[in-house]
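[1] Dropping the sequence and predicted coords here.
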Amino acid sequence: MANGTAGAREAALYVLARCRRFDAWSQQTIQTAAEKFSLDERDTALCTKLCLDVLQNAALCDYYIGCYSSVPAAKLEPNLLDILRLGVCQLLFMDKIPVSAAVNEAVEQTKRSGSCAAGLVNAVLRRVLEEGPAELQRLRDDDSLDSLCLLSGVPSWVG
């Protein structure tokens, strides 16, 4: 299996796929992935943070992907969407991860998955990197229900 932070990202992708496909409980699936991918304590913590950030902020990630992709998030292959969500979360919420590592690992993960969309992943994440902070501030300044739902991770139907 993969080692280091690449292993944590592969484990996170595995967890997200199981949560999506089988309605699996995230914490139990994270523990299974940690064992399956032989993650140490530090990489298990990274995998956990990645998964929980994506699950909590999927709508915000999809919003960003929709802003900067020629393909709407809903039309992307689910595995590719998960890779993009992982990348967006790293860029927006994880300041200890170098941005170059977040982008490069997402591109490599796309290639390893057999997808030919590595260029799309690179382009979307680079645009999030360049324009994302301004867009995030715009969302924070907007007090509409849609913006508040995106930022809080609460679906708009709840409000």
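    Alright, I've got the coordinates.
[2] Distance check, the closest residue to A102 other than its chain neighbours against K75.
    In space, A102 comes closest to Q90 once its chain neighbours are excluded; the distance is 3.8 Å by Cβ to Cβ, 6 or more residues apart in numbering. C-beta here means a position set from N, CA and C on the backbone, and glycine is covered the same way. To K75, Q90 is 23 Å away according to Cβ to Cβ, to the nearest Å.
[3] Neighbour count for these two, which is higher?
    Neighbours were counted for Q90 and for K75 using other Cβ atoms under 10 Å; Q90 has more, 27 against 9.
[4] Just checking, which helix or strand of this protein averages the lowest pLDDT?
    helix 145-152 (a mean of 87; mean pLDDT, DSSP states H and E).
[5] by contact count, what packs against that helix?
    helix 58-68, helix 118-141 (3 or more Cβ pairs under 8 Å, 6 or more residues apart in numbering; DSSP states H and E).
[6] Only the buried residues of stretch 23-43, if you could.
    24, 26, 29-31, 33-34, 37, 39, 43 (16 or more other Cβ atoms under 10 Å).
[7] Can you list which of the residues you listed are found in helices?
    Using DSSP state H, the members of the buried residues of stretch 23-43 that fall within helices are 26, 29-31, 33-34, 43.
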